[in-house]
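Participant: got a structure for you, letters missing:
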């Protein structure tokens, strides 16, 4: 079935002309037509004729033998990437009708590589959340269900629409962005692969900003090799982003399948969080055993400042968010609420345009940056961030990668963890430290818990060493042989 | 240190988010909870530790001081919620 392929399989099928890009695109549009109402994975689906026209162009290139890296591959785009002439909302009322007159650098690269965009995927408002429940366009449903229980589960967040779309067969792959775990945690909750590259690997230009020193785009896919392939298409130097790296982009997909024999895998003691569910701990042990069997050497390491990661994040990210979101003033773009004075326009526009979680984060950020509190909160957090990064740099003097769980639980039900923001923030306890340090990290689905829900393990690597991360991820994927499908899936019952 | 309502009101003013009094109290409680939780950082010794600015993976670079973009006034104005000719419009701010 065309909607169940990996990017790599689909690329090979197109190359061999076993099916056309038009058939592949049509199969996905049909699947979206059947399932999107239920899943709410897409905020905007592109017009059928535009999708098919892009597919036809790809077919023409295959016929001429000029096919590009991602030619004809149908993908979803997180609705945080500006797409020229296509509504881009950031899942906020503030941008409900925003049509960017420009294309983000990452999506421009994907288009240049021949990708066929299907639509814009749902997310937490301005990428702030871990359950995809803060979207102004409604929650996303996780396509997975607990065994014998119809409760609606969250897909994780913030890239929840991308994760649900890839898991359910509504896209072969999708872009995500990760600020504190927004690619990796939803990937784990939906049983797919998610890669947050090194900070600087993918340009941030044209991606709606949340926390600029942390935001990083990355691929969400069905296999580790696919993550490598798609990252290759997304990554590269961009003059328009002052933090973009000008290092060469390796052929990432070739890293998968390379022997991991002799690699040193660190197990950070501090990630054995008190109260970690037995099943998560067991899966982690299993992952360690698999990598040992693959010839890796397993080493105990210490990242002593891990426990301060989340608190540091929840000062730095809101601070940057309050600065970045100051641009939504009701004057230059977005929605406007009228008032008698200019300040009145600002205050009403921002009170009504932002949802409660975004407002709280802006206010938190404004507070920690305000006179009298800056040193105690923001400057202090920046210093602790130095210590967190040093922990990683020192650990990577002893080991090549780190192996940890991706999230402290499997997907939870809508309505759980909702009242106390700190409880919700704890979802990112294992993903935030790598974001703070700027190092690459990959989530790989490795098994199901006793209720039949997917669990992921995370591989963290050195700055700009995505290749080793992908090699180890490939070894883990091969050992785990995760082939489970969610309850709601384009191929279920067809 | 707990957050009071007057400070919450001042923060909302600084952030230009217009909140009613009842909303301010809800926000105060949420922020107070988060601030209490992040206070755990006070136990970390950061004596002599420099602040981390960005992720410090790339050095700052310079480019030629030339125009690289522009001539797109209409495209930019196309995003404005209200405009008049080639201008953004706002209520009168100077008496």
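Facilitator: Arrived safely. It should be emphasised that the depicted structure is a prediction, and the values quoted were computed from it without experimental measurement. Numbering: from 1, shown residues only, chains lettered A, B, ... in the order given.

Participant: use CA for all of it now, contacts and neighbours both
Facilitator: Fine.

Participant: in the stretch 301-450 of chain A, which spans are helices?
Facilitator: Listed in chain order, the helices of the stretch 301-450 of chain A (DSSP state H, counting those that start in this stretch) span A:309-324, A:342-353, A:356-369, A:380-398, A:421-425, A:432-437.

Participant: List the buried residues in the fourth one.
Facilitator: Of the residues in helix A:380-398, those buried under the neighbour-count criterion (16 or more other CA atoms under 10 Å in any protein chain shown) are A:380-393, A:395-396.

Participant: picking that back up, highest mean neighbour count out of the helices of the stretch 301-450 of chain A?
Facilitator: Most buried of the helices of the stretch 301-450 of chain A, by mean neighbour count (mean count of other CA atoms under 10 Å in any protein chain shown): helix A:432-437, with a mean of 27.

Participant: Show residues contacting that helix.
Facilitator: By CA atoms under 8 Å, 6 or more residues apart in numbering or on different chains, the residues outside helix A:432-437 that reach it are A:179-181, A:214, A:306, A:309-310, A:313, A:385, A:388-389, A:392, A:440-441, A:460, B:55.

Participant: Check stretch A:338-356 too.
Facilitator: Contacts made with stretch A:338-356 from outside it, assessed by CA under 8 Å, 6+ apart, are listed as A:92-94, A:125, A:134, A:136, A:328-330, A:335-337, A:359, B:16-19, B:90-93.

Participant: rerun that using 7 Å as the cut-off
Facilitator: A:92-94, A:329-330, A:335-337, B:16-19, B:90-91, B:93 (CA atoms under 7 Å, 6 or more residues apart in numbering or on different chains).

Participant: Quick check: PyMOL command selecting the buried ones in these.
Facilitator: Selecting just the buried residues from these in PyMOL takes one command, with 16+ other CA under 10 Å as the test:
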select buried, (chain A and resi 92+93+94+329+330+335+336+337) or (chain B and resi 16+17+18+19+90)
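
Participant: so which one among the contacts of stretch A:338-356 has the lowest pLDDT?
Facilitator: Looking at pLDDT alone, these dip lowest at residue B:93, where the score is 84.

Participant: ok, so what distance separates that residue from chain A?
Facilitator: Using CA to the nearest CA, to the nearest Å, residue B:93 is found at 7 Å from chain A.

Participant: so what's that residue up against?
Facilitator: Contact partners of residue B:93, counting by CA under 7 Å, 6+ apart, are residue A:342.

Participant: which parts of chain B sit against chain A?
Facilitator: For chain B, the residues in contact with chain A under the definition CA under 7 Å from any CA of the partner chain are B:11-12, B:15-19, B:27, B:31, B:34, B:38, B:41, B:46, B:49-55, B:58, B:75, B:79-81, B:88, B:90-91, B:93.

Participant: So which of the helices of the stretch 301-450 of chain A is nearest residue A:110?
Facilitator: helix A:432-437 (23.7 Å; CA to CA).

Participant: least confident pick among the contacts of helix A:432-437?
Facilitator: In terms of pLDDT, residue B:55 ranks lowest among the contacts of helix A:432-437, with 69.

Participant: Kindly provide the whole-number mean pLDDT of stretch A:134-142.
Facilitator: If you average the pLDDT values across stretch A:134-142, you get 97.

Participant: residues from chain A in reach of chain B?
Facilitator: Where proximity means CA under 7 Å from any CA, the interface of chain A facing chain B comprises A:98, A:101, A:213, A:243, A:245, A:308, A:311, A:331-336, A:340-342, A:346-348, A:350-351, A:360, A:363-364, A:366-367, A:379, A:382-386, A:422, A:437-438.

Participant: A helix includes residue A:279, no?
Facilitator: Yes: Residue A:279 forms part of a helix when assessed by DSSP: H, G, I helix; E, B strand; the rest coil.

Participant: Quick check: pLDDT value at it.
Facilitator: At residue A:279, pLDDT is 95.

Participant: Tell me where the chain has strands.
Facilitator: The chain I'm using is chain A. A:42-45, A:74-78, A:116-121, A:173-178, A:193-196, A:216-221, A:264-268, A:297-301, A:401-405, A:441-448, A:454-461 (DSSP state E).

Participant: sorry, should have said chain B
Facilitator: With DSSP E as the criterion, chain B has strands at B:83-84, B:87-88.
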